[in-house]
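Peer 1: Please work out how this folds:
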Amino acid sequence: MKKGFVPALLASWLAFASPAWGGGHEGPGGPPEEWKLYVYKGCVYLTLLKEVDVSMEVYDLYGRPISELADGTLPVGYHRFSVTGCLPSGIYVLDFQINDPSWDPEEEFQPHQLIRFVVLRQRFGS
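Peer 2: I've put the predicted structure just below:
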């Protein structure tokens, strides 16, 4: 590998907390059919079945807020937020919450979730 070479994948992570594909977008299989929330390869993926008030914030292991990804109403559809662009290597916690008093407690998708994720940085060259 060339000295100072940054793979395209890492370059794509440089946009911090920028929504990539917005609400109302139908995915490859059509409109969303289930609620989803997960962190994968530096991004938070969220699928909403209805318009809801959402708050998402990233914290370090000391409980210090690092970045607010969302705070407000998000439309139905698929959403993606980059979370690793400006974060140094470490372990972080994503605090996700749907603020909806009419949320059905029988719903399988939990309206408040904490997800741990790891950011690993590799130094290229010396």
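Peer 1: The closest residue to Val118 other than its chain neighbours and Asp104, how far apart?
Peer 2: Excluding the flanking residues, the one nearest Val118 by C-beta to C-beta, 6 or more residues apart in numbering is Ile91, at 5.5 Å. (C-beta placed from N, C-alpha, C; glycine too.) In this view, Ile91 and Asp104 are 33 Å apart by C-beta to C-beta, to the nearest Å.
Peer 1: How about Gly85?
Peer 2: Distance from Gly85 to Asp104, by C-beta to C-beta: 35 Å.
Peer 1: Could you do Pro32 as well?
Peer 2: 17 Å.
Peer 1: Compare these two (neighbour count), which wins?
Peer 2: Pro32 (18 against 9; other C-beta atoms under 10 Å).
Peer 1: which residues sit in contact with the residue nearest to that one when sequence neighbours are not counted?
Peer 2: Once flanking residues are discounted, Pro32 sits nearest to Thr47: 4.6 Å by C-beta to C-beta, 6+ apart. Thr47 is in contact with 27, 32, 34-37, 77-79, counting by C-beta atoms under 8 Å, 6 or more residues apart in numbering.
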